[in-house]
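>>> Just to be clear, the model below is a prediction. Sequence and coordinates:
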Amino acid sequence: MTTSTDRLPPIATVLEPSERRSVDAAGAGLYRTLHRESLDEVRRDLKERRISAVVVSVARCVREEPAHMQAVVRDFPRIPTVALVSAASDTDPASVLALGNCGVRTLVDVRYAAGWGRLRDVLGAEVTNDMDRIALGVLQDDLRDASPDCWKFFEALFTRSYSAPTIRVLARRLGVLPSTLMSRFFRAQLPAPKRYLAFARLVRAARLFENPGLSVADVATHLDYSSPQSFGRHIKTVLAINATDFRRRYSGQEMLRRFRETLVIPHLPALCELRPLTRRIPGTESALLSGVPVHTHADRERAPVRGYIVEPSAASVLFAPKVPRLLQ
């Protein structure tokens, strides 16, 4: 059973036992902590999970495992690392120099009460600076004139709790029939919703590939592909290149730009009119489909029956003469 805590971005830590409870309290409602005993365990988490940040104790990591600390920062540069100062000895010149040599650029002093608020602010900025947040910020500006209904679809593409491998799964999570969702995009003369989902997954993949420590298999696992081969076929189908070329050619930002230039900006007028999830409210006298009253014979076939709109699939729109007119 998934709880609200499970939906929070995960933070991997290597801390002293006395520091763990305070770090948990500082992140209440913002992130969930995965406390580990070594940097090797953190490295495994970085390869297998979508970790948003790493928090380490200066005493535990910078002094005891500097080579491992340096490797983690080098191999996962897009995942921020924060060093925690909780003792006076952590700020001696040798420790500060070791931090710099390891590549750690963020140091938070929690020896004073205000430090815990600072830690929350720093991690709050880090966990919201992932690719999903960046994408939603850019798309919100592009789709400022779109309906809330349309925006919910795009928001779901880049929201962890709605993450789905297929459009059928995504449609169910949005509370709409897959055939209804597909037919509404088809009638609006827009690319199929599965194409939007495919590009959104590749935006995430491109961002993950910015970390040299992640292999093709690691990224495939992160994004719930059945195998690295399935992931490779997906890239080949969508972009006509292999996974190696994709990694070399696209960053997360560049893939997001292609997403917008291919699927959003050329279709803005239609997207602003699109209402892919709207349902009729039971008890009303007339059905509105995308804001247009039901008047024509074709529209009456989609008229409400006992408080619901019966929607044809995209295939039934293409082959309308062959579809039995069950609602006449």
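Arrived safely, thanks for sending. Please read these numbers as outputs of a predicted model, since none were measured by experiment.
>>> in this protein, what secondary structure element scores lowest on mean pLDDT?
strand 288-289 (a mean of 32; mean pLDDT, DSSP states H and E).
>>> quick one: residue 21 and residue 28, what's the gap?
Residue 21 sits 11 Å away from residue 28 when distances are taken as CB to CB, to the nearest Å. Bear in mind the C-beta positions are built from the backbone N, C-alpha and C, glycine included.
>>> cool, residue 175 as well?
In terms of CB to CB, residue 175 sits 30 Å off from residue 28.
>>> Name the next helix or strand following the helix or strand encompassing residue 186 along the chain.
Element membership of residue 186 [criterion: DSSP states H and E] is helix 178-187. Moving toward the C-terminus from helix 178-187, the next helix or strand (DSSP H and E) is helix 193-208.
>>> That next one relative to helix 178-187, how many degrees between them?
90 degrees (axes from the mean of the first three to the mean of the last three CA atoms, to 10 degrees).
>>> Following the chain onward from helix 193-208, which element is next?
Trace forward from helix 193-208 with DSSP H and E and the next one is helix 216-222.
>>> Report the mean per-residue pLDDT for stretch 126-140.
The average pLDDT within stretch 126-140 is 80.
>>> Pull out the buried positions in that stretch.
Neighbour-count burial for stretch 126-140, counted by 16 or more other CB atoms under 10 Å, picks out 126-127, 130-132, 134-136, 138-139.
>>> picking that back up, how distant is the helix holding residue 186 from the center of its chain?
23 Å (CA atoms, centre = their mean, to the nearest Å).
>>> Using PDB, list the CA coordinates for it.
In PDB, the C-alpha atoms belonging to helix 178-187 read as follows (Å, rounded to 0.1, in the frame of the first residue of the first chain):
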ATOM      1  CA  PRO A 178      -8.100   5.000 -22.800                       C
ATOM      2  CA  SER A 179     -10.300   5.000 -25.900                       C
ATOM      3  CA  THR A 180     -11.900   8.300 -24.800                       C
ATOM      4  CA  LEU A 181      -8.600   9.900 -24.300                       C
ATOM      5  CA  MET A 182      -7.200   8.700 -27.600                       C
ATOM      6  CA  SER A 183     -10.400   9.700 -29.600                       C
ATOM      7  CA  ARG A 184     -10.400  13.200 -28.200                       C
ATOM      8  CA  PHE A 185      -6.800  13.800 -29.300                       C
ATOM      9  CA  PHE A 186      -7.700  12.300 -32.700                       C
ATOM     10  CA  ARG A 187     -10.700  14.500 -33.200                       C
END
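>>> All further residue positions should be reported with the first residue as 124.
OK, 124 is where the count begins now, so the last one is helix 301-310.
>>> which strands and helices sit next to it?
Secondary-structure packing of helix 301-310 (3 or more CB pairs under 8 Å, 6 or more residues apart in numbering; DSSP states H and E): helix 290-297, helix 316-331, helix 437-441.
>>> ok, now with 6 Å
The contact analysis (3 or more CB pairs under 6 Å, 6 or more residues apart in numbering; DSSP states H and E) places helix 301-310 against helix 290-297, helix 437-441.
>>> and those helices, which one's lowest on average pLDDT?
Across the helices and strands packed on helix 301-310, the lowest-scoring stretch is helix 437-441, with a mean of 38.
>>> all strands of the protein, in order?
Ranges of strands in the chain, per DSSP state E, are 133-137, 155-158, 176-180, 204-208, 229-232, 411-412, 415-416, 427-428, 431-432.
>>> Buried deepest among these, which one?
Ranked by mean neighbour count under mean count of other CB atoms under 10 Å, these are led by strand 176-180, which reaches a mean of 26.
>>> looking only at pLDDT, what's the mean for that one?
92.
>>> swap in stretch 148-160?
Mean predicted lDDT for stretch 148-160 stands at 87.
>>> got a list of contacts for it?
Here stretch 148-160 makes contact (CB atoms under 6 Å, 6 or more residues apart in numbering) with 128, 131-137, 143, 147, 165, 239, 242-243, 247, 250.
>>> Just name the closest of the residues you listed to residue 290, please.
Nearest to residue 290 among these: residue 132, at 25.0 Å, using CB to CB.
>>> what about that closest one, neighbour count?
19 (other CB atoms under 10 Å).
>>> Hmm, residue 175 and it touching each other?
Yes - if you go by CB atoms under 6 Å, residue 132 and residue 175 touch, sitting 3.9 Å apart.
>>> Export the strands of the chain as TSV, with columns for distance to residue 360.
Formatted as TSV, the strands of the chain follow (distance: least, CB to CB, whole Å):
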stretch	distance to residue 360
strand 133-137	31
strand 155-158	34
strand 176-180	33
strand 204-208	36
strand 229-232	40
strand 411-412	32
strand 415-416	35
strand 427-428	38
strand 431-432	33
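>>> Ok, which of those comes nearest residue 318?
strand 411-412 (22.9 Å).
>>> Skip the chain neighbours and tell me the closest residue to residue 197.
Leaving aside its sequence neighbours, residue 197 sits nearest to residue 226 (CB to CB, 6 or more residues apart in numbering; 6.4 Å).
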